[in-house]
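Asker: Build the 3D model from these lines:
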Amino acid sequence: MHQFLVRYSTKKSIYLGLLFIIFINLVAFPLFPKLFFDSSIPIGDILDTQFGFSVEYAQELLNALGDNGRKAYLFSTVFIDIPYALVYGFIYSFILIELIQKKNITKYNVIIYIPFLIAIFDCFENAGIILLLNYFPDNCDLTIQLTSMANQLKWIFAVLTVLLIFIIILQKKHTK
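Answerer: Predicted coordinates for the structure are as follows:
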């Protein structure tokens, strides 16, 4: 896996990946639900953007979305958010690899896998959201709690990844 990541962590793949991330955030997430379902999902209120959420919050949100909103949320989760999570896991790993190589601090290679923890917990969160949407209104409190936990772990590893990127950028180049 390490050799694969190093091999494909080129500036071109990073730039293409960042363009994909920007496209998803600025176009796909906000516009696709309107185009396909004539429904607007309040991006700031959805479960994915919260840092944890209560059973009551999740149930109220899913109820407030209505049938079209829930269909749009399911579509966005399955066809946009899952591929998005996989892509950004690789892109953030590529960024860390480029920075580590540029600063010549390759003894810290293990950190290149941290972005995949974001992606893994995002996929667990998405699986929980899919279950909640498919079984609404029969939501299981345990599913909501586990989905919330996955959500929190996703955000913790996201913040850790961003901090690592900034720490490496600010670190002086090491010489061998």
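
Asker: Assign a three-state SS to F51, would you?
Answerer: coil (DSSP: H, G, I helix; E, B strand; the rest coil).

Asker: no no, L99
Answerer: helix.

Asker: Could you count how many residues lie near it?
Answerer: 20 (other Cβ atoms under 10 Å). (Each C-beta comes from the backbone N, C-alpha and C, glycine too.)

Asker: same for the helix or strand that contains F124, what does it pack against?
Answerer: In this structure, F124 sits in helix 114-135 according to DSSP states H and E. When contacts are defined as 3 or more Cβ pairs under 8 Å, 6 or more residues apart in numbering; DSSP states H and E, helix 114-135 packs onto helix 55-76, helix 82-103, helix 141-170.

Asker: right, and those - which one's nearest P115?
Answerer: Closest approach to P115 among those (Cβ to Cβ): helix 82-103, 3.5 Å.

Asker: Run the angle between the closest one and helix 114-135 for me.
Answerer: For helix 82-103 against helix 114-135, the angle by axes from the mean of the first three to the mean of the last three Cα atoms, to 10 degrees is 170 degrees.

Asker: send the alpha carbons of helix 82-103 over as CSV?
Answerer: Extracted in CSV, the C-alpha atoms of helix 82-103 (Å, rounded to 0.1, in the frame of the first residue of the first chain):
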residue,chain,number,x,y,z
ILE,A,82,-19.2,7.6,-0.3
PRO,A,83,-17.0,8.1,-3.4
TYR,A,84,-16.0,11.5,-2.1
ALA,A,85,-14.8,10.0,1.2
LEU,A,86,-12.6,7.5,-0.7
VAL,A,87,-11.1,10.2,-2.9
TYR,A,88,-10.3,12.6,-0.2
GLY,A,89,-8.7,9.8,1.9
PHE,A,90,-6.2,9.3,-1.0
ILE,A,91,-5.8,13.0,-1.7
TYR,A,92,-5.0,14.0,1.9
SER,A,93,-2.6,11.1,2.1
PHE,A,94,-0.9,12.2,-1.1
ILE,A,95,-0.5,15.7,0.3
LEU,A,96,1.1,14.3,3.5
ILE,A,97,3.5,12.2,1.4
GLU,A,98,4.5,15.2,-0.8
LEU,A,99,5.1,17.3,2.3
ILE,A,100,7.0,14.6,4.2
GLN,A,101,9.3,14.0,1.1
LYS,A,102,9.8,17.7,0.6
LYS,A,103,10.8,18.2,4.2
